[in-house]
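Enquirer: Got a predicted structure here, sequence first:
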Amino acid sequence: MSTSKKIYVVDDSPAILDSVKLMLNMEGYDVDNYEKGSEMFNSLQTSSTKPDVILMDMWLSGEDGRDICKMIKAHQDFKNIPVVIMSASRGLGDSAIESGAIDFIPKPFDLGEIVEKIRYYSSSSE
């Protein structure tokens, strides 16, 4: 698969960032990693290229991914970017969706599932 789709991955675990980026790069995606949601949101505001999908952990160091998702969805320029939230707190899928996320992925996850979801949501954002 050859694609130039841009994906933002936000997680405070370097191991998760590295493994997800490697897998998505192998699938042909252009991936930007962020350890903080606020850092990703600043990049979103200043970058001329918007991501096709944002994959974000719910619990980031000192930040709640649901709050970041609400900020994204409240912004006119970003509200149509699909946000997928992931978390080890399996019971919080409903609150992730209520915050504006299009999907919820429980951790631990299968990297194949991440690729499948990214492929699906990046093609539906065209």
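Expert: In hand now; what should we look at? Numbers count the residues shown, from 1 in each chain.
Enquirer: residue nearest the centroid of the chain?
Expert: For the chain, L55 is the residue whose C-alpha lies nearest the centre (Cα atoms, centre = their mean; 1.3 Å).
Enquirer: doesn't that residue fall inside a helix?
Expert: No. Using DSSP: H, G, I helix; E, B strand; the rest coil, the secondary structure at L55 is strand, not a helix.
Enquirer: is it true that it touches I118?
Expert: Yes. Between L55 and I118 there is a contact at 6.8 Å, judged by Cβ atoms under 8 Å. Yep, even glycine has a C-beta here, placed from its N, CA and C like the rest.
Enquirer: what touches both of these two?
Expert: Shared contacts of L55 and I118, defined by Cβ atoms under 8 Å, 6 or more residues apart in numbering, are found at 7, 84.
Enquirer: Please name the bridge partners of the residue nearest to the centre of the chain.
Expert: Judged by DSSP bridges, the bridge partners of L55 are V9, V84.
Enquirer: what about the helices in the chain?
Expert: For the chain, the helices defined by DSSP state H cover 14-26, 37-46, 65-74, 93-98, 111-124.
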